[in-house]
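Participant: Show me the folded form of this:
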Amino acid sequence: TCLLVKRYTPSMACMLKWLLGGKVRSTIQRKYTQTTHGVDTTVAWEVDLWQRLSLNQQGAEADWRATEADVRGARLALAANVARRWFRVVETGGQIGLAQHNLDNLRRALTVIEERYRRGLATTLDLRLARTDIAQAEERLASRRMELDEAKRTLETLLGRYPEGTLEERPSLPTLSRPV
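Facilitator: Numbering: from 1, shown residues only. The predicted structure follows:
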């Protein structure tokens, strides 16, 4: 005989008996209900044996100091860029003055060459070379003016202004009161 202790209904027990071809003694367990009430609490703590908490705080403070250093570095870089661009504006203004002076000299030389050409003392080549020199000097002057406009706009952008190119440049660098 077999003893089945399961939660089967009597009809299932009979079916099992028939399938197994033997005697089946079934015991049906009865269900019961029990109600309990309670509260569970858990308290967890750990000893900071390896100083993990203090090291985390030190790491956060180091990150803060690094961020402050990055901000100071960015300010220095901005100040250096402003100074570099200001020197570029002054330098380009000086180059424009030189280019204008060179152009004026070439025009005066052209008038002399034209007068000599009319008198037969200069060749056509001399006249054409003088005119070519003037055209090249005019192109250099225009190029310097565009450079000055670009340098002014870049400086205005670094200063936080709208880049109009209207910044007034000094004709020369300031004089120093004492030697460097």
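
Participant: Would you confirm that Y162 contacts E156?
Facilitator: Yes - with contacts counted by C-beta atoms under 8 Å, Y162 reaches E156, the gap being 6.9 Å. C-beta: built from backbone N, CA, C; applies to glycine.

Participant: So the two - more neighbours on which side?
Facilitator: E156 (18 against 9; other C-beta atoms under 10 Å).

Participant: show me the residues around L148 that make contact.
Facilitator: Shown in contact with L148 (C-beta atoms under 8 Å, 6 or more residues apart in numbering): 89, 92-93, 96, 169.

Participant: Take these and lay them out in JSON lines including secondary structure, pLDDT and neighbour count.
Facilitator: Below are the contacts of L148 laid out as JSON lines (DSSP: H, G, I helix; E, B strand; the rest coil; pLDDT from 0 to 100; neighbours: other C-beta atoms under 10 Å):
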{"residue": "V89", "secondary structure": "helix", "pLDDT": "91", "neighbour count": "22"}
{"residue": "T92", "secondary structure": "helix", "pLDDT": "92", "neighbour count": "20"}
{"residue": "G93", "secondary structure": "helix", "pLDDT": "91", "neighbour count": "20"}
{"residue": "I96", "secondary structure": "helix", "pLDDT": "94", "neighbour count": "20"}
{"residue": "E169", "secondary structure": "coil", "pLDDT": "68", "neighbour count": "18"}
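
Participant: can you name the two of the residues you listed that are farthest apart?
Facilitator: Pairwise distances across the contacts of L148 peak at 10.7 Å for V89 and I96 (criterion: C-beta to C-beta).

Participant: which regions of this protein lie under the pLDDT threshold?
Facilitator: Scanning the chain for pLDDT under 70 picks out 1-40, 43-50, 169-174, 180.

Participant: how about a cut-off of 50?
Facilitator: Scanning the chain for pLDDT under 50 picks out 1-9, 24, 26, 28.

Participant: now the helices for it?
Facilitator: Assigned by DSSP state H, the helices in the chain fall at 10-20, 52-119, 124-158.

Participant: Out of those, which is the most enclosed?
Facilitator: Highest mean neighbour count among the helices of the chain (mean count of other C-beta atoms under 10 Å): helix 124-158, with a mean of 15.

Participant: angle of it against helix 52-119?
Facilitator: In terms of direction (axes from the mean of the first three to the mean of the last three C-alpha atoms, to 10 degrees), helix 124-158 departs from helix 52-119 by 160 degrees.

Participant: about what we covered before: now render the contacts of L148 as TSV, adding distance to A60.
Facilitator: Shown next, in TSV, are the contacts of L148 (distance: C-beta to C-beta, whole Å):
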residue	distance to A60
V89	44
T92	48
G93	50
I96	54
E169	47
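
Participant: out of these, who's nearest L121?
Facilitator: L121 lies nearest to I96 out of those, by C-beta to C-beta, at 34.3 Å.
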